[in-house]
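# below are the sequence and a predicted model for it; my questions follow.
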Amino acid sequence: DAKTTQPPSMDCAEGRAANLPCNHSTISGNEYVYWYRQIHSQGPQYIIHGLKNNETNEMASLIITEDRKSSTLILPHATLRDTAVYYCIVRVTFGNEKLTFGTGTRLTIIP
Amino acid sequence: NAGVTQTPKFRILKIGQSMTLQCTQDMNHNYMYWYRQDPGMGLKLIYYSVGAGITDKGEVPNGYNVSRSTTEDFPLRLELAAPSQTSVYFCASSLTSPYEQYFGPGTRLTVT
């Protein structure tokens, strides 16, 4: 799986959009980008994933650059409950069962 | 649906003791996983299973054993507990790899 790089921490004002970057410059053509988050002491929670097109669901949007070397997770209207560690993970679709969690980005939503 | 449930929530073991961490899912998922998370670190995969009767090692399997006799249950066995096994253990499941994994609430284990 390709290695990912994320900033260790970020702050965002409540109600504003939180934009979390992830660099994955060695990504292969068959590798997807996944985002999970972990709210303090809880199990990780799946947020969204994508291959090359931008994706949106009820939680967030995922923007992947055209060269696929980086992506941004967008939480459109951050709330205090979005304070968590966010993990960007890159992996192939099949034949690889594990998710490799790095240390992620600690996002703090400021009231 | 209860999702993924884990018991116990907390446990303190003495060095050399053994215990089983229980994990059950009611979503009829084929894939199940065990991870450990040390303080301030990401999760590391211990074992996983792609279906009943099939298990395989992850990144850090030493000191652990698993079994998968049913689709719903995936217990993790610690034999001869050591202080290095002090961690938070998460069980997860997914319908088919690699789609989203659903995690349980975790078991916080301390070995002293």
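Nice, thanks for sending it over. Numbering: from 1, shown residues only, chains lettered A, B, ... in the order given.
# host element of residue B:59?
For residue B:59, there is no enclosing helix or strand under DSSP states H and E.
# just the strands in chain B please.
In chain B, the segments counted as strands under DSSP state E are B:4-7, B:10-13, B:19-25, B:31-37, B:43-51, B:54-57, B:64-66, B:76-78, B:87-94, B:102-103, B:107-111.
# for chain A, same thing?
All strands of chain A, identified by DSSP E, fall at A:9-13, A:18-23, A:31-38, A:45-50, A:55-56, A:61-64, A:70-75, A:84-92, A:105-110.
# what packs against the last one?
Spelled out, it's strand A:105-110. strand A:9-13, strand A:18-23, strand A:84-92 (3 or more Cβ pairs under 8 Å, 6 or more residues apart in numbering or on different chains; DSSP states H and E). C-beta: built from backbone N, CA, C; applies to glycine.
# and the last one, how far out from the chain's middle?
In this case it means strand A:84-92. Distance, stretch centre to chain centre, for strand A:84-92: 5 Å (Cα atoms, centre = their mean, to the nearest Å).
# so which residue is dead centre in chain B?
Residue closest to the average C-alpha location in chain B (Cα atoms, centre = their mean): residue B:34, at 3.1 Å.
# which residues does that one contact?
Neighbour list for residue B:34: B:21, B:23, B:45-48, B:58, B:64, B:66, B:74, B:76, B:89-92 [criterion: Cβ atoms under 8 Å, 6 or more residues apart in numbering or on different chains].
# just give the closest residue to the residue of chain B found nearest chain A, not the sequence neighbours.
Nearest residue of chain B to chain A: residue B:103, at 2.9 Å (Cβ to the nearest Cβ). Leaving aside its chain neighbours, residue B:103 sits nearest to residue A:43 (2.9 Å; criterion: Cβ to Cβ, 6 or more residues apart in numbering or on different chains).
# who's in contact with that neighbour?
The contact partners of residue A:43, taken as Cβ under 8 Å, 6+ apart, are B:4, B:90, B:92, B:103-106.
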